[in-house]
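# based on what follows, work out the 3D shape:
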Amino acid sequence: MKLPGEWQTTARDRGVDFISVDRRTVVQVKSGGQGLRDLRAALMELAIWLARDPALEHALLAIHLPRITLQRIRDAWDEARSALRPQVAHRLAIAVRAQGQTWVDPPTSPLVEIADAIFSQLTLDKPENPNHAGAATAGTPLFFEIAKVLLNSWMQRQEPLQIQEIMRRVGCSHPSVALALEELERRHEIQRTRDRRVGLRGLPRQTLEELVVLNDPLRHTQWIDDVSGRPSDPMALLARLHRTKPPHVAVGGAVAARHYHPSFDLHGTPRIDLTAWTPRGTRYDPASLAKVYPGLVATSVRHPDAIIAVHRLARAEPLFEDAPKELPYADPVETLLDLYELRLTAQAQAFVTHLRGDAP
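Here you go, the predicted structure:
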């Protein structure tokens, strides 16, 4: 495939299809996508590129989605960008071919020209391959969920896991686990035992970095604001949540960090982080949590002063830790991601060191 302008020929070795010679633009091409899951996964991969390289001006996803309407694609695009940090979101671009129409955002002349060149060279009526649906390839939610299960086991100093146990905890097939492990092995982040168990070699720095960059979109984070005008009191709100005990919800963030690490170094509780278990992608409406206290309003828009952050967890096993007469605790990995999202980087690193008992 040829694009207008000058492009490096070694781009695929670096995880994208095209990199401009001036290294200001990267392009990823996806043909015959199954649906919005493929769209979100591809956007996540490009968001990682943008977060790692501030010099990049644009990362363009050119994707063919023959089964999806443009309106649904626009909605998914808006949702994905709203979940990313502004310095990443404003450099992300998309070109879609769907149901005979092409849509580019932002519709600048260079990006439109690139999109036209790509879609003119794709075989758009090529049959889709159903074996790619939901594959645990790098950058997909399923890949990260498998990685989180391994990281959770490592942080708690558990024995390496059998493949069947990973499948059970995540709720996926053997081929999906095999694909994810192949990528983690390529990154030198896992090791296998003689009895075919799998564990991490240490802290998986590349995969953890990607998890942190994609924190909100991967966990479909939503927010609850207090618009009552009263002084913020997260612990009073947590006490109410403990009394009502909403089902399939666990507390994470600073509260769970203190549970796992009693000498956790943080004064006060900046907000309440909750993990809502949504197996098999069931919907969860945080508005039900807002009812525990007058003046709370749920929103999908990131708010720095939100009193509650609700993160969704879709794997088969939540791995919550039960607490008598209170909400359970989210697992250490979800708690760690909460700390990173709160920009508590030093505390997050100390949290890992405490649980491991050694330097990560």
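# state the distance from E326 to P262.
Going from E326 to P262 by CB to CB, to the nearest Å gives 16 Å. To be clear about C-beta, it is placed using only N, CA and C from the backbone, and glycine gets the same treatment.
# just L142 next, same as before
L142 is 35 Å from P262, by CB to CB.
# can you check R37 too?
R37 is 40 Å from P262, by CB to CB.
# give me the distance between R23 and P54.
Going from R23 to P54 by CB to CB gives 12 Å.
# that older thread, more neighbours, R37 and P262?
Per other CB atoms under 10 Å, whichever of R37 and P262 has more neighbours is R37, with 17 against 8.
# you'd agree that one is in a helix?
Yes - counting by DSSP: H, G, I helix; E, B strand; the rest coil, R37 is found in a helix.
# next one, pLDDT for it please.
Per-residue confidence (pLDDT) for R37: 79.
# do the same with the one 10 residues further on
At A47, the model reports a pLDDT of 90.
# so it sits against L84, correct?
Yes - assessed by CB atoms under 8 Å, A47 is found in contact with L84 at 5.7 Å.
# need the overlap of contacts for the two.
Counting by CB atoms under 8 Å, 6 or more residues apart in numbering, the residues touching both A47 and L84 are 92, 217.
# so for these two, which sits in the more crowded spot?
A47 (26 against 23).
# hang on, that one in a helix?
Yes - membership of A47 in a helix is supported by three-state DSSP.
# strands along this protein, start to end?
In the chain, strands defined by DSSP state E lie at 7-8, 18-20, 25-30, 58-64, 92-98, 101-105, 190-192, 198-200, 222-226, 249-251, 272-277, 296-299, 308-313, listed in chain order.
# include mean pLDDT, mean neighbour count and distance to L238 when you put these into a markdown table, please.
As requested, these are exported to a markdown table (pLDDT from 0 to 100; neighbours: other CB atoms under 10 Å; distance: least, CB to CB, whole Å):
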| stretch | mean pLDDT | mean neighbour count | distance to L238 |
| --- | --- | --- | --- |
| strand 7-8 | 81 | 18 | 52 |
| strand 18-20 | 87 | 21 | 47 |
| strand 25-30 | 87 | 22 | 42 |
| strand 58-64 | 90 | 23 | 39 |
| strand 92-98 | 90 | 23 | 35 |
| strand 101-105 | 87 | 15 | 40 |
| strand 190-192 | 95 | 16 | 36 |
| strand 198-200 | 96 | 18 | 32 |
| strand 222-226 | 88 | 22 | 12 |
| strand 249-251 | 96 | 24 | 7 |
| strand 272-277 | 95 | 26 | 5 |
| strand 296-299 | 86 | 17 | 13 |
| strand 308-313 | 93 | 23 | 9 |
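# and those as TSV, adding distance to L70?
Listed next are the strands of the chain as TSV, based on distance: least, CB to CB, whole Å:
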stretch	distance to L70
strand 7-8	28
strand 18-20	24
strand 25-30	16
strand 58-64	12
strand 92-98	5
strand 101-105	6
strand 190-192	40
strand 198-200	42
strand 222-226	25
strand 249-251	35
strand 272-277	30
strand 296-299	25
strand 308-313	26
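# among those, which is nearest D322?
Among the strands of the chain, the nearest to D322 by CB to CB is strand 249-251 (9.3 Å).
# other SSEs contacting the closest one?
The helices and strands touching strand 249-251, judged by 3 or more CB pairs under 8 Å, 6 or more residues apart in numbering; DSSP states H and E, are helix 234-244, strand 272-277.
# partners of the shortest one, with directions?
The reference is to strand 272-277. Strand pairing for strand 272-277, determined by DSSP bridges: strand 249-251 (antiparallel), strand 308-313 (parallel).
# out of the ones you listed, which comes closest to G100?
Of all the strands paired with strand 272-277, it is strand 308-313 that lies closest to G100, at 33.9 Å by CB to CB.
# export that closest one as PDB, just CAs?
Extracted in PDB, the C-alpha atoms of strand 308-313 (Å, rounded to 0.1, in the frame of the first residue of the first chain):
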ATOM      1  CA  ILE A 308     -16.400   9.000  43.400                       C
ATOM      2  CA  ALA A 309     -14.800   7.200  40.500                       C
ATOM      3  CA  VAL A 310     -16.500   4.100  39.300                       C
ATOM      4  CA  HIS A 311     -14.300   1.600  37.300                       C
ATOM      5  CA  ARG A 312     -15.800  -1.400  35.500                       C
ATOM      6  CA  LEU A 313     -14.300  -4.900  35.600                       C
END
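# which stretches in the stretch 101-250 of the chain count as helices?
With DSSP state H, counting those that start in this stretch as the criterion, the stretch 101-250 of the chain has helices at 109-121, 141-155, 163-170, 174-186, 205-213, 215-219, 234-244.
# compute the distance between R205 and W77, please.
Separation of R205 from W77 (CB to CB): 30 Å.
# more neighbours: which of the two?
Higher neighbour count among R205 and W77: W77, with 21 against 11, using other CB under 10 Å.
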